[in-house]
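Participant: please work out how this folds:
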Amino acid sequence: MKRDFVDRRTFLVAGGLGFFGLNLATSAAYGDAPRAPRGTAKSTIMIWLSGGASHIDTWDMKPNAVAEYRGPFRAMPTSAPGISLCEHLPHLARQAHHLAIVRSLGDHGRGTGDHHAGYYYNLTGHAPDRTFHQLLNARTPYPSDWPSMASVVALKKPPHRFLPNAITLPHKEGAPEYTRPGQFSARLGIAYEPVFVDGTRERPLDFTVPALSLRGDVSSDQFLARRELLQTLDGARRQAQNEAIRDFTINQRRAFTLLASRRTQAAFDLRREPQAIRERYGSSINSTSMLLARRLVEAGVPFVTVFWKGNPALNTLCASGGGWDTHGNNFNCLRDHLLPEFDRPFAALLDDLHQRGLLDETLVLVSSEMGRKPRIGDPRSGGVGGAGRDHWTACQSILLAGGGIRGGQVYGTSDRRAEYPHDNPVGAEHIARTVFHAMGIDDLHATDREARPFHLMEDGRALTELF
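Facilitator: Okay, the predicted model is just below:
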C-alpha cells in the first residue's frame, strides 16, 4: 500500500515545515453507554520507553525465579504495601502509592515480535494487520492505519484555545524517516495529527517547535505576505475537493493563530520554571521533556506524549540504539544509565502533579512496544555471556497513575518467570479503552478522511476496576 507523503511531509508552516493537530469538528452524537466508576482526567501524559523496557528487571520482578531468568537485581519495598520495584528505582519507590501496575499485558499472538508491530499495537490499541507480518520493521505508516490514542483524544476533546490538542516530544520516532507506525492520525486526517516538538541532549532546555517559530531569515513583511498567500489558498480550498489542500489550509490557519499568541511561546519556555523545580527533575533531555509535559497539561493540553530519546553513547555498550532495546549488557545499561535517567524525573513528575493538585485530573501512562525476554542471553550479542535480553512481546507491564486511578495496586499477574500473562490477561485494546474512559470519552464514533463513518475501537474494555 502506498504511503501518503503529502499528508506527512509537505505542509508549509510560517517559514518552516510542520503540521498541527487540530480538533475542528466532533463526530456523531451517539456512542457507547457510560460506564462507572468514572475517570477524572482532563489530560493524559504518556511516557514511552522506546525500544522495549525489561519488565522483569523493573516492575514485575521474580525474586524466586532461577538466576538465568531473574538476573542480579533485587526487589525493594515501596510506599505501597505489598508492591516491590527494582532496587535501582529508589525515587519511584517513594511514589509507588500513586501507581497502578498492570503486569498481565501481552500481544496474545497478534504481533510479530518486532518493534513496528509493537509500536502500532500499543499506541493505537489495534492489532497489527497482515502487512506487519509480511514486512516486519519495513512496514511504514499507511494513511489507512488506525489512529493513535493521542489523535483520538485530539478528535474527541474540544479545541484548546491557543495550543494543539496533542503534542509529542522531544522527537518523532524513527527519525529521520519517521517510519514507526502508530504515532499518527492516519485515517482521521492530518487535522488531528500531534504537533511534534524537537529537543536535544546538547540543549535540553531549548525545545524547538518549528511550526511555532519564524526562521531568522523570515521578515515580518514576508510573514504577512504568507498570510495573504494563506487567504488565497483558502479560497482555492473552498473550490477544491482535494483532501490534502483542505488539510493544508486548515493547518496553515492554525499555525498563524498560534504564532500570534505569546501564551503559546510561554508554555514551551522551561526557563520560567524555578531552578529548584528543574533540579528536581534533572537535566537530561528526557527529564526536561517530562517537566515540559507537566507545563503543557497545566496549560490544558489534552494529550502529551514523551518518546524516550536514546543516548547514542549507549549504542555499542547496550546493542540498543541508545534506548531500552537492551540486546546486550542489559543489567549494566539499566543500572548505570536507563533506570537513573527515568527514575528521578518520573518520580518528580508524579510528586509535582500531586503537589499542584493536578494528579487527579491528569492520567499518567508509562508504556512501551514490548517487554524483554525473561531468559537472559541474546544470540545477537553473544548469548548468555552478552548478558542481553531479546525482544519479548508476549508479556510486558505498564504503569498508570492519576486521572481517577486508585494508586497502590497491581492488576493482573504474569507467570512465575514473567514469560506470559497469567491472571487477568489484557491486550493493548484494554489499555486504550482505559485511557479513553479515564478522559470521559465514551463516544468512539468518527468519520474518516472521506467522510465515511466508522467506529474507532470495537475490541477491549476499560479496566474500570482500576478506578
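
Participant: mind pulling the model confidence for the nearest residue to T288 once chain neighbours are set aside?
Facilitator: If you skip the residues right next to it in sequence, T288 has P204 as its closest partner in space, 4.4 Å away by CB to CB, 6 or more residues apart in numbering. To be clear about C-beta, it is placed using only N, CA and C from the backbone, and glycine gets the same treatment. Among the per-residue scores, P204 holds a pLDDT of 96.

Participant: would you agree P204 falls within a strand?
Facilitator: No: the assignment for P204, made by DSSP: H, G, I helix; E, B strand; the rest coil, is coil rather than a strand.

Participant: that one against S284, yeah?
Facilitator: Yes: counting by CB atoms under 8 Å, P204 does reach S284; the two are 6.2 Å apart.

Participant: those two: who's more crowded?
Facilitator: Counted by other CB atoms under 10 Å, P204 and S284 do not tie: P204 has more neighbours, with 22 against 18.

Participant: Q183 in helix, strand or coil?
Facilitator: Q183 falls in the coil class when you classify it by three-state DSSP.

Participant: can you pull the contacts of it?
Facilitator: Contact analysis of Q183 by CB atoms under 8 Å, 6 or more residues apart in numbering lists 119, 123, 141, 148, 150, 168, 172-173, 194, 305, 307.

Participant: among those, name the ones in strands.
Facilitator: In this view, the contacts of Q183 that belong to strands under DSSP state E are 168, 305, 307.

Participant: tell me, what's the model's pLDDT at the closest residue to the second one other than its chain neighbours?
Facilitator: So that's T305. Closest residue to T305 apart from its sequence neighbours, by CB to CB, 6+ apart: T168 at 4.3 Å. According to the prediction, T168 has pLDDT 95.

Participant: what's the distance between T168 and A186?
Facilitator: For T168, the distance to A186 under the criterion CB to CB, to the nearest Å works out to 14 Å.

Participant: hmm, back to that, surely the residue nearest to T305 meets W308?
Facilitator: No: applying CB under 8 Å, one finds T168 not in contact with W308, separated by 11.9 Å.

Participant: contact partners for T78?
Facilitator: Counting by CB under 8 Å, 6+ apart, T78 touches 84-85, 92-94, 96-97.

Participant: run a quick neighbour tally on T464.
Facilitator: Counted with other CB under 10 Å, the burial measure for T464 works out to 16 neighbours.

Participant: apologies, that question was intended for P181.
Facilitator: For P181, the number of neighbouring residues by other CB under 10 Å comes to 28.

Participant: I figured it hits Y121, correct?
Facilitator: No: the pair P181 and Y121 fails to qualify as a contact (CB under 8 Å) at a distance of 9.6 Å.

Participant: buried ones in stretch 406-418?
Facilitator: Of the residues in stretch 406-418, those with enough neighbours to count as buried (16 or more other CB atoms under 10 Å) are 407-412, 414, 417-418.

Participant: taking these together, which two end up most distant?
Facilitator: In terms of CB to CB, these reach their longest pairwise distance at G407 and R417, which sit 27.5 Å apart.

Participant: what pLDDT does the nearest residue to L205 once chain neighbours are set aside get?
Facilitator: Residue nearest to L205 in three dimensions, not counting chain neighbours: L270, with 4.9 Å by CB to CB, 6+ apart. L270 is assigned a predicted lDDT (pLDDT) of 96.

Participant: any low-confidence regions in the stretch 201-350 of the chain?
Facilitator: Along the stretch 201-350 of the chain, the parts satisfying pLDDT under 70 run over 210-261.

Participant: coming back round to it: could you identify which of the contacts of T78 has the most neighbours?
Facilitator: Top of the contacts of T78 by neighbour count (other CB under 10 Å): L92, with 26 neighbours.

Participant: check contacts around that one.
Facilitator: When contacts are taken as CB under 8 Å, 6+ apart, L92 is in contact with 78, 85, 99, 343, 346-347, 350.

Participant: from R70, how far out is the residue lying closest to I441 once chain neighbours are set aside?
Facilitator: Leaving aside its chain neighbours, I441 sits nearest to K156 (4.7 Å; criterion: CB to CB, 6+ apart). K156 is 42 Å from R70, where distance means CB to CB.

Participant: try T264
Facilitator: Here the criterion is CB to CB. By it, T264 lies 49 Å from R70.

Participant: and which of the contacts of Q183 is nearest to W48?
Facilitator: Nearest to W48, judged by CB to CB, of these is F307 at 4.9 Å.

Participant: for the closest one, give its distance to A428.
Facilitator: Applying CB to CB to F307 and A428 gives a distance of 17 Å.

Participant: picking that back up, T58: which of the buried residues of stretch 406-418 is nearest?
Facilitator: Using CB to CB as the measure, the one of the buried residues of stretch 406-418 that approaches T58 most closely is A418, at 10.5 Å.

Participant: how many residues are close by the closest residue to the closest one other than its chain neighbours?
Facilitator: If you skip the residues right next to it in sequence, A418 has I56 as its closest partner in space, 4.2 Å away by CB to CB, 6+ apart. I56 has 29 neighbours, counted by other CB under 10 Å.

Participant: you'd agree I56 is in a strand?
Facilitator: No: secondary structure of I56, determined by three-state DSSP: helix, with no strand assignment.

Participant: the residue lying closest to R94 once chain neighbours are set aside sits in which helix or strand?
Facilitator: Residue nearest to R94 in three dimensions, not counting chain neighbours: S79, with 5.5 Å by CB to CB, 6+ apart. For S79, there is no host helix or strand (DSSP states H and E).

Participant: residue numbering should commence at 57 henceforth.
Facilitator: Noted, 57 is the first residue going forward, which turns the last one into S135.

Participant: contacts only, for S135.
Facilitator: S135 sits next to 149-153, 464 when contact means CB under 8 Å, 6+ apart.

Participant: let's see which of those residues end up in strands.
Facilitator: With strands defined by DSSP E, no entry of the contacts of S135 lies inside them.

Participant: kindly indicate which of the residues you listed lies nearest K98.
Facilitator: Of all the contacts of S135, Q151 has the smallest distance to K98: 20.9 Å, by CB to CB.

Participant: please report how far the residue nearest to A474 lies from S207.
Facilitator: Separation of I112 from S207 (CB to CB) stands at 32 Å.
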